[in-house]
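S.K.: I'd like to go over a predicted model; first the sequence, then the structure.
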Amino acid sequence: MSAAGFCPRTALRQLLSSSAFRTAHCRMVRTSAAEWRTQRSFHTTNSALITKILTVDEIFSKKSLHNHLKRVQTEYNDFLQAVNAGDLQGDDEELRAKRTRLSVLGPLIQKIRELEENQKDFEETEALLKENDPDLRELAQSERETCQTAIHAVKQTILSLLVPEEESDMSDLVLEVTAGVGGQEAMLFTAEIFDMYQNFASFHGWDFDTLEFMPSDIGGLRHATASISGPLSYKKMKFEAGVHRVQRVPKTEKQGRMHTSTMTVAVLPQPAEISFTINPKDLRIETKRASGAGGQHVNTTDSAVRIVHLPTGIVSECQQERSQIKNKEKALKVLRAKLYSAKLEEETSKRYQARKLQIGTKGRSEKIRTYNFSQDRVTDHRIGKTLHDIHGFLLGEDLLDEMSSSLQQFSDQEALMDILEDNDSD
């Protein structure tokens with residue numbers, strides 16, 4: 001839409017002609033919903049956490065951010081000049097590395113330039129507010145609000161591009177749930193959480209394949225594993241890892257007393273076979289007869305498979321299928337996920353050994369969330385966020401997705417603060 005569409009006055013068109021293109025471009029950014037990241041508010045139970053949730057403008061007010069953006073622009077310009085000048089003809093590897101870096105930085109540089117153009121538009125609009133013509137001032141006020149919205153959107157996109165992608169974010173995953181403290185009540189709660197994640201997979205259109213399922217006597221779940229595959233499945237599920245606590249009056253409680261039980265969730269990224277291989281010589285594969293509930297094939301054939309990774313001692317078992325071959329495939333899938341997760345965890349601990357981020361993705365002993373039935377609330381202790389309607393949360397749909405998005409937002413900001421702190425220390 002052109003600037004003329006807003007004001008038919010010839011004099012006004014002349015005044016705005018110098019910035020017509022940039023103003024139109026500013027509006028286009030506003031309507032580009034795909035580039036927006038919605039600001040989510042937090043209902044926190046710990047007021048101290050509120051100070052850690054910074055707005056876009058607060059982050060952009062930091063000198064360290066502007067220093068970092070300047071460094072990125074300098075790096076981009078230097079690499080671009082070197083590639084265009086052909087200075088690296090004798091070193092193909094270095095040339096490829098710089099071209100790769102240019103392609104990574106390209107979207108960020110484009111947004112930085114876009115922000116500069118929008119800020120120029122805003123300054124010109126501010127000048128028009130001082131004009132005597134009331135129609136002109138009214139138009140300028142409208143344009144001012146439009147540009148403010150566009151500037152905020154571009155700033156948010158820049159912050160998103162600054163947060164480094166984790167290697168495993170695009171992976172599929174293996175989910176493990178295990179009953180903890182609380183006996184039969186813990187097993188019943190584990191079954192509910194497993195069903196919640198199965199529904200969450202369906203909610204997002206992901207594939208959900210049960211690899212192992214060990215039920216209890218009264219309909220609960222001792223332990224289960226499942227393979228989940230689909231777009232962004234690991235990225236959305238990774239913050240579910242840890243200890244989940246339930247507080248309620250169990251069905252088995254005759255005196256109406258409140259009990260506290262726990263279960264543990266592990267979320268293991270599933271690597272592509274090309275990117276992560278296992279030497280067959282490092283494996284000891286054992287077969288045995290399946291045990292427990294399962295039908296006529298139980299205890300009649302050696303269908304259960306147990307695989308030991310000799311260098312690490314990590315074990316994976318499966319007796320879910322009647323076929324020994326299928327059980328071996330599933331046990332190998334879980335083993336590869338466990339080994340890959342251990343490798344990533346080691347790399348992550350080296351990277352962040354100086355300080356521990358508040359939101360972990362691997363800690364099985366970390367109490368992350370409480371489900372309190374009497375208060376009808378779910379509280380995530382890492383960010384202090386509370387949601388009500390506990391039964392709606394356990395459906396594994398909108399409320400769980402909201403919690404996942406909040407955790408991702410908080411994690412992204414922590415990663416960004418690390419970058420800024422590093423710039424402050426330089």
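M.R.: Sure thing, it's come through. Numbering: from 1, shown residues only.
S.K.: When you work out contacts or count neighbours from here on, use the C-alpha atoms and nothing else.
M.R.: Noted.
S.K.: I'd assumed A224 was in contact with E176.
M.R.: Yes. Using Cα atoms under 8 Å, E176 is in contact with A224, at 5.8 Å.
S.K.: mind listing the strands for the chain?
M.R.: Taking DSSP state E as the criterion, the chain carries its strands at 172-179, 207-215, 221-229, 242-248, 259-270, 283-288, 304-309, 314-318, 367-372, 377-380, 385-388.
S.K.: Can you report phi and psi for the closest residue to R257 other than its chain neighbours?
M.R.: Counting by Cα to Cα, 6 or more residues apart in numbering, R257 lies nearest to V249, which is 5.7 Å off, once chain neighbours are set aside. When read as degrees, to the nearest 10, the backbone of V249 gives phi -90, psi 110.
S.K.: OK, contacts around V249?
M.R.: G256, R257, M258, H259 (Cα atoms under 8 Å, 6 or more residues apart in numbering).
S.K.: distance of the last one from T386?
M.R.: H259 sits 20 Å away from T386, going by Cα to Cα, to the nearest Å.
S.K.: Just want to know which of those two has more residues nearby.
M.R.: Set side by side, H259 and T386 show more neighbours around T386, with 18 against 14, by other Cα atoms under 10 Å.
S.K.: Give me the distance between Q413 and T262.
M.R.: In terms of Cα to Cα, Q413 sits 29 Å off from T262.
S.K.: hmm, back to that, is it possible to get JSON lines of the strands of the chain that adds mean pLDDT and distance to K236?
M.R.: As requested, the strands of the chain are arranged in JSON lines below (pLDDT from 0 to 100; distance: least, Cα to Cα, whole Å):
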{"stretch": "strand 172-179", "mean pLDDT": "92", "distance to K236": "10"}
{"stretch": "strand 207-215", "mean pLDDT": "92", "distance to K236": "14"}
{"stretch": "strand 221-229", "mean pLDDT": "93", "distance to K236": "11"}
{"stretch": "strand 242-248", "mean pLDDT": "94", "distance to K236": "15"}
{"stretch": "strand 259-270", "mean pLDDT": "91", "distance to K236": "10"}
{"stretch": "strand 283-288", "mean pLDDT": "88", "distance to K236": "32"}
{"stretch": "strand 304-309", "mean pLDDT": "90", "distance to K236": "29"}
{"stretch": "strand 314-318", "mean pLDDT": "88", "distance to K236": "25"}
{"stretch": "strand 367-372", "mean pLDDT": "94", "distance to K236": "16"}
{"stretch": "strand 377-380", "mean pLDDT": "96", "distance to K236": "15"}
{"stretch": "strand 385-388", "mean pLDDT": "94", "distance to K236": "17"}
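S.K.: Next one, pLDDT for C26 please.
M.R.: On pLDDT, C26 comes in at 38.
S.K.: tell me which residues in the longest helix along the chain are buried?
M.R.: As assigned by DSSP state H, the longest helix anywhere in the chain is helix 92-128. For helix 92-128, burial by neighbour count (16 or more other Cα atoms under 10 Å) applies to 95, 98-99, 102, 105, 108-109, 111-112, 114-115, 117-122, 124-126, 128.
S.K.: which helices and strands sit right next to it?
M.R.: helix 20-31, helix 63-85, helix 134-162 (3 or more Cα pairs under 8 Å, 6 or more residues apart in numbering; DSSP states H and E).
S.K.: What would stretch 166-185 look like as PDB? C-alpha coordinates only.
M.R.: Only the C-alpha atoms of stretch 166-185 are listed here, as PDB (Å, rounded to 0.1, in the frame of the first residue of the first chain):
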ATOM      1  CA  GLU A 166      21.000 -26.700  19.400                       C
ATOM      2  CA  GLU A 167      22.300 -29.600  17.300                       C
ATOM      3  CA  SER A 168      19.600 -31.900  18.600                       C
ATOM      4  CA  ASP A 169      16.600 -29.400  18.200                       C
ATOM      5  CA  MET A 170      15.600 -30.900  14.800                       C
ATOM      6  CA  SER A 171      15.900 -34.500  16.100                       C
ATOM      7  CA  ASP A 172      13.100 -37.000  16.800                       C
ATOM      8  CA  LEU A 173      13.200 -38.400  20.400                       C
ATOM      9  CA  VAL A 174      12.800 -41.400  22.700                       C
ATOM     10  CA  LEU A 175      10.600 -40.800  25.700                       C
ATOM     11  CA  GLU A 176      11.100 -42.700  28.900                       C
ATOM     12  CA  VAL A 177       8.700 -42.600  31.900                       C
ATOM     13  CA  THR A 178       9.400 -44.300  35.200                       C
ATOM     14  CA  ALA A 179       7.400 -44.500  38.400                       C
ATOM     15  CA  GLY A 180       9.100 -43.000  41.400                       C
ATOM     16  CA  VAL A 181       8.200 -42.600  45.100                       C
ATOM     17  CA  GLY A 182       4.700 -43.500  46.000                       C
ATOM     18  CA  GLY A 183       4.000 -47.100  45.100                       C
ATOM     19  CA  GLN A 184       0.800 -47.800  43.200                       C
ATOM     20  CA  GLU A 185      -0.200 -44.200  43.200                       C
END
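S.K.: Thank you kindly, that will do.
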